[in-house]
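[1] structure for the following, please:
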Amino acid sequence: MSNNPSSPKRYVIVGLGGRSSLFSEALLDTFKDACELVGLCDINQTRMDYHNSRFQEKYSAGPFPTYKAEDFDKMIAEQKPDTVIVTTMDRTHHQYIIRAMELGCDVISEKPMTTDTEKCRAILDAVERTGKSLKVTFNYRYAPSRTKVKELIATGVIGKIHSIHFEWLLDTRHGADYFRRWHRDKRNSGGLMVHKSTHHFDLVNWWIDSSPETVFGMGQLAFYGRDNAEKRGVKKFYVRSTDDPRAKDDPFALDLHETPELEGLYFNAEKEDDAYLRDRSVFSDGISIEDTMSVMVRYRNGTQMTYSLNAYCPWEGLRIVFTGDKGRIELEEVEKSYVNAGGGTSGEGESKGRTLLVRPLWDKPYEVEIEEGKGSHGGGDVRMLTDIFEPTGEEDPWKRAACHIDGARSILTGIAANASFATGLPVQVDDLVKLP
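    All right, here's what the predicted structure looks like:
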């Protein structure tokens with residue numbers, strides 16, 4: 001760990017799947033003068049070797065020391081990082097977050113912070129016990145359109161907000177991808193209510209400066225999965241799509257030979273991955289997550305929200321409406337679809353078009369101009385990475401940086417929704433984890 005405040009901060013990354021590239025590329029390029037990547041950790045040596053070869057080819061950097069998952073403590077002892085970046089499978093986030101803090105490191109965690117209440121409590125206890133910092137990477141807060149909504153709400157343009165209607169659409173490219181990989185097992189991801197919707201629930205918490213109080217939801221697997229395909233008359237099935245002729249004409253098939261990233265990170269790494277297949281058929285058995293979800297939330301400040309997420313839509317993006325006692329704010333945004341690790345992080349979630357309207361109660365509606373955000377996730381990634389790796393020290397009026405409390409608030413809406421799916425009853429969030 002660096003004792004000289006002017007020397008570059010030292011970082012290690014644990015979990016070298018496709019999402020890790022967002023952070024490794026930033027450390028080796030944009031922020032290389034302020035930051036130093038010093039180690040890689042994963043369950044799969046082939047995957048780490050692939051990253052090292054890419055780092056050398058693209059950035060003339062490395063190779064960096066690699067450590068298998070069981071040698072995580074050894075990596076910390078030898079490389080002495082200031083901060084550990086956690087981009088592993090969701091259900092294992094807590095293991096590395098907690099252990100890193102116990103070993104004296106700060107942590108940056110990919111969302112969701114974790115997947116259930118027990119792990120959430122353990123993380124919160126570890127932060128309190130160790131005094132270390134945990135940042136959760138909510139890049140959507142930094143996209144210009146989302147920040148503009150925060151500004152409009154904070155300045156009282158539509159008065160006190162009483163009602164929110166939030167619709168998120170995942171298309172049959174990006175949405176389908178969750179049903180091919182490890183996310184399809186709810187034990188791994190918490191389902192889309194936790195893995196994906198944590199982004200959206202965090203936005204609402206942040207926009208209205210409140211926390212979820214009561215959650216009721218309904219969810220089902222209505223489109224993906226073998227049973228649903230059979231009901232629609234599908235008769236041709238396969239287990240995985242790569243190199244299977246039966247997948248040739250299937251628009252849902254993913255070919256792992258399609259890009260060097262998919263082939264290098266997954267296809268070539270299968271021999272070490274305990275039979276993990278990145279390209280399973282979305283109409284195969286074994287899917288335990290929902291693709292059709294509806295949720296109602298009451299917040300501590302009295303605001304009510306209706307929320308829906310569908311993972312098989314013809315376009316990708318969001319529609320959100322805020323209704324206050326002085327009017328309405330309406331945002332519609334179409335996003336560029338993508339497949340994770342299907343060709344680098346550039347362009348992920350990039351905005352293809354958007355409209356932000358304010359409709360005052362007693363005046364004409366008007367469109368609000370939004371700064372053009374370039375890059376992935378509506379331009380949010382660049383801003384978030386700057387905030388994480390090279391902060392200016394200036395106070396952010398919109399408080400976009402997210403800590404462990406924000407991470408907990410966001411997942412608790414989804415965890416409560418999952419509980420409601422199972423019981424058919426509303427869930428009091430304070431009964432799960434009591435937050436300040």
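[2] run through the helices of the stretch 1-150 of the chain in chain order.
    Here the stretch 1-150 of the chain has its helices, by DSSP state H, counting those that start in this stretch, at 21-28, 45-59, 72-79, 93-102, 117-130, 144-154.
[3] buried residues in the longest one, which are they?
    By neighbour count, with 16 or more other C-beta atoms under 10 Å as the criterion, the buried positions of helix 45-59 are 46-52, 54-55. C-beta here means a position set from N, CA and C on the backbone, and glycine is covered the same way.
[4] got those as CSV, with pLDDT and distance to Val295 columns?
    Shown next, in CSV, are the buried residues of helix 45-59 (pLDDT from 0 to 100; distance: C-beta to C-beta, whole Å):
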residue, pLDDT, distance to Val295
Thr46, 97, 39
Arg47, 97, 35
Met48, 98, 38
Asp49, 98, 42
Tyr50, 97, 38
His51, 97, 37
Asn52, 98, 42
Arg54, 96, 39
Phe55, 97, 41
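[5] and those, which is closest to Thr115?
    Arg47 (22.1 Å; C-beta to C-beta).
[6] mind giving me the domain ranges of this protein?
    The chain breaks down into these domains under automatic domain parsing: 9-137, 140-224+287-378+401-431, 226-272.
[7] the ones you listed: which one's closest to Phe389?
    domain 9-137 (4.1 Å).
[8] distance between the ends of the closest one?
    18 Å (C-alpha to C-alpha, to the nearest Å).
[9] go on, stretch 284-302?
    First-to-last residue span, stretch 284-302, C-alpha to C-alpha: 42 Å.
[10] report the buried residues of that stretch.
    Neighbour-count burial for stretch 284-302 [16+ other C-beta under 10 Å]: 284, 287, 289-299.
[11] ok, now stretch 173-191?
    173-184, 186, 188-191.
[12] and it, average pLDDT?
    The pLDDT scores in stretch 173-191 average 97.
[13] over to stretch 232-241?
    In the prediction, stretch 232-241 has an average pLDDT of 93.
[14] do stretch 285-296 as well
    For stretch 285-296, the mean pLDDT works out to 98.
[15] what is the burial count for the nearest residue to Ala34 once chain neighbours are set aside?
    Once flanking residues are discounted, Ala34 sits nearest to Glu390: 4.8 Å by C-beta to C-beta, 6 or more residues apart in numbering. Neighbour count for Glu390, taken as other C-beta atoms under 10 Å: 14.
[16] torsion angles phi and psi at Glu390?
    Main-chain torsions, Glu390, degrees, to the nearest 10: phi -150, psi 60.
[17] give the contact list for it.
    Neighbour list for Glu390: 31, 34-35 [criterion: C-beta atoms under 8 Å, 6 or more residues apart in numbering].
[18] ok, of those, which one's closest to His200?
    Nearest to His200 among the contacts of Glu390, with distances taken as C-beta to C-beta, is Phe31, at 28.0 Å.
[19] that closest one is in contact with Asp387, isn't it?
    No: Phe31 lies out of contact with Asp387 (C-beta atoms under 8 Å); the separation is 11.1 Å.
[20] for those two, list the residues in contact with both.
    Counting by C-beta under 8 Å, 6+ apart, Phe31 and Asp387 have no contacts in common.
[21] mind checking the SS state of Lys235?
    coil (DSSP: H, G, I helix; E, B strand; the rest coil).
[22] that one: neighbouring residues, count only.
    A total of 6 residues lie near Lys235 under the criterion other C-beta under 10 Å.
[23] same question for the one 5 residues further on.
    For Arg240, the neighbour count with other C-beta under 10 Å is 18.
[24] would Arg354 count as being in a strand?
    Yes: assigned with three-state DSSP, Arg354 falls within a strand.
[25] just the closest of the buried residues of helix 45-59 to Asp209, please.
    His51 (39.1 Å).
[26] pull the contacting residues for the closest one.
    16, 20-21, 24, 40.
[27] ok, so of the residues you listed, who is nearest Phe216?
    Nearest member of the contacts of His51 to Phe216, counting by C-beta to C-beta, is Ser20, at 35.9 Å.
[28] the closest one: how many residues sit nearby?
    Neighbour count of Ser20, defined by other C-beta under 10 Å: 24.
[29] please apply the same query to Ala269.
    There are 23 residues near Ala269, going by other C-beta under 10 Å.
[30] equivalent analysis for the one 10 residues further on, please.
    By other C-beta under 10 Å, 25 other residues sit near Asp279.
[31] residues in contact with it?
    180, 240-242, 253-256, 266.
[32] also Val84?
    Neighbouring residues of Val84 by C-beta under 8 Å, 6+ apart: 11-14, 76, 96-97, 100, 105-108.
[33] ditto for Glu78
    Taking C-beta under 8 Å, 6+ apart, we find Glu78 in contact with 39, 65.
[34] please redo it, this time with the cut-off set to 10 Å
    Contact analysis of Glu78 by C-beta atoms under 10 Å, 6 or more residues apart in numbering lists 38-39, 65, 67, 71.
[35] out of these, which two sit at the greatest distance?
    Using C-beta to C-beta, the contacts of Glu78 span at most 14.5 Å, a distance reached by Val38 and Asp71.
[36] the two: which is more packed in?
    Neighbour count, other C-beta under 10 Å: between Val38 and Asp71, Val38 has more, with 20 against 13.
[37] surely the more buried one is in contact with Ser24?
    No: look at Val38 against Ser24 with C-beta atoms under 10 Å: they stay out of range, at 11.7 Å.
[38] and for those two, which residues touch both?
    11, 13, 64.
[39] which residue sits closest to the residue positioned nearest the centre of the chain in space, ignoring its chain neighbours?
    For the chain, the residue nearest the mean C-alpha position is Lys111 (4.4 Å; C-alpha atoms, centre = their mean). Nearest non-adjacent residue to Lys111, counting by C-beta to C-beta, 6+ apart: Thr198, 5.2 Å away.
[40] measure stretch 352-368 end to end?
    17 Å.
[41] which parts of that stretch are buried?
    Buried residues in stretch 352-368 (16+ other C-beta under 10 Å): 354, 356, 358-359, 368.
[42] gap between that stretch and the chain center?
    Averaging C-alpha positions (C-alpha atoms, centre = their mean, to the nearest Å) puts stretch 352-368 29 Å from its chain's average.
[43] picking that back up, CSV for the domains of the chain, including distance to Arg280?
    Below are the domains of the chain laid out as CSV (distance: least, C-beta to C-beta, whole Å):
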stretch, distance to Arg280
domain 9-137, 15
domain 140-224+287-378+401-431, 5
domain 226-272, 6
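[44] isn't Trp362 right next to Gly327, touching?
    Yes: Trp362 is within contact range of Gly327, at 8.4 Å (criterion: C-beta under 10 Å).
[45] which residue ranges of the stretch 101-250 of the chain form strands?
    Listed in chain order, the strands of the stretch 101-250 of the chain (DSSP state E, counting those that start in this stretch) span residues 106-110, 134-137, 161-171, 212-220.
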